[in-house]
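A.B. asks: compute the structure for the input listed below.
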Amino acid sequence: MFILSVLKDTIKIEPADFRKPKQEAITDEVNKKYANKVVQEIGLCISLFDIIEASEGVIHHGDGCSYVKATFRMVIFRPFINEVLTGTIKSCSEKGIRVSVGFFDDITIPPGCLQSGSSFDAEERVWIWNYDGEKLYMDIEEQIRFQVLSEVFTDTTPTPTNIGPTGRRQSAADATAANDLAANSTKIPPYALTGSIATDGLGPISWWGGQ
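C.D. replies: Okay, the predicted model is just below:
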């Protein structure tokens, strides 16, 4: 579920942080920049693990900040394909089940990846596994064990534009508002997982005696 990845970056240290030991200042800035952020094709950054190498700081004229070229290792959330994880059911819809592992919510189990015989109860807003004449419910906030089927990375970096729909040049404020509206309308996560519970032993833990 967690891996270590080596990253390289130029870290900016503000003058107010010059009083800190160098390692501490770099650690704080790396975590501020990367923690809880998705790096494309790498995964969700959790926290800095260690600093492998760091250059002497260079202060740019007219800036006052120190710039350090650093090589470091980050703790990354990126489950391997077919890995079995345990999460919590956050919501259900006709499109499947949304699962959270606490710090990561972009996990979907589509209808085709549920147990054979599963159906969606539109009134209760839950999925039900109809097994041997018995209805087994997949209730909200219930713990669920699932297998990772696939992952998708999507570059969600905004694309600035200053040309309005009529071809007229927009102000900076108008362009920013348009970009924010476009970002909110799509809501595509930068990193998402698709899971399955279509195998014995998977699904709500309560089905299998809480094991």
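A.B. asks: quick one, strands of this protein?
C.D. replies: 2-13, 38-39, 43-54, 58-59, 66-77, 84-93, 96-100, 107-109, 118-121, 126-131, 134-138, 143-153, 191-196, 203-204 (DSSP state E).
A.B. asks: would a markdown table of those strands with distance to Thr27 and mean neighbour count be doable?
C.D. replies: C-beta here means a position set from N, CA and C on the backbone, and glycine is covered the same way. What follows is the strands of the chain, written out as a markdown table (distance: least, CB to CB, whole Å; neighbours: other CB atoms under 10 Å):
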| stretch | distance to Thr27 | mean neighbour count |
| --- | --- | --- |
| strand 2-13 | 10 | 14 |
| strand 38-39 | 18 | 20 |
| strand 43-54 | 5 | 16 |
| strand 58-59 | 19 | 12 |
| strand 66-77 | 9 | 18 |
| strand 84-93 | 29 | 16 |
| strand 96-100 | 28 | 21 |
| strand 107-109 | 30 | 23 |
| strand 118-121 | 47 | 16 |
| strand 126-131 | 44 | 18 |
| strand 134-138 | 41 | 15 |
| strand 143-153 | 26 | 17 |
| strand 191-196 | 24 | 21 |
| strand 203-204 | 40 | 22 |
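A.B. asks: redo the ones you listed as CSV? Include mean pLDDT.
C.D. replies: Shown next, in CSV, are the strands of the chain (pLDDT from 0 to 100):
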stretch, mean pLDDT
strand 2-13, 96
strand 38-39, 96
strand 43-54, 97
strand 58-59, 90
strand 66-77, 97
strand 84-93, 96
strand 96-100, 97
strand 107-109, 97
strand 118-121, 95
strand 126-131, 94
strand 134-138, 93
strand 143-153, 97
strand 191-196, 98
strand 203-204, 95
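A.B. asks: can you lay out the ones you listed as CSV showing distance to Arg19?
C.D. replies: Below are the strands of the chain laid out as CSV (distance: least, CB to CB, whole Å):
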stretch, distance to Arg19
strand 2-13, 11
strand 38-39, 30
strand 43-54, 17
strand 58-59, 15
strand 66-77, 12
strand 84-93, 42
strand 96-100, 39
strand 107-109, 42
strand 118-121, 58
strand 126-131, 55
strand 134-138, 53
strand 143-153, 39
strand 191-196, 36
strand 203-204, 52
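A.B. asks: separation between Ile97 and Asn130?
C.D. replies: Applying CB to CB, to the nearest Å, the value for Ile97 to Asn130 is 16 Å.
A.B. asks: so what's Gln40 up against?
C.D. replies: 153, 155, 190 (CB atoms under 8 Å, 6 or more residues apart in numbering).
A.B. asks: need the contact list for the first one.
C.D. replies: When contacts are counted by CB under 8 Å, 6+ apart, Phe153 is found next to 38, 40-41, 190-191.
A.B. asks: among the residues you listed, which pair sits farthest apart?
C.D. replies: Glu41 and Pro190 (10.8 Å; CB to CB).
A.B. asks: who does the residue nearest to Val58 when sequence neighbours are not counted bridge with?
C.D. replies: Nearest residue to Val58 in three dimensions, chain neighbours excluded: Tyr67, at 5.0 Å (CB to CB, 6 or more residues apart in numbering). Per DSSP bridges, the residues bridged to Tyr67 are Lys12, Val58.
A.B. asks: surely Tyr67 meets Ile11?
C.D. replies: Yes - Tyr67 is within contact range of Ile11, at 7.2 Å (criterion: CB atoms under 8 Å).
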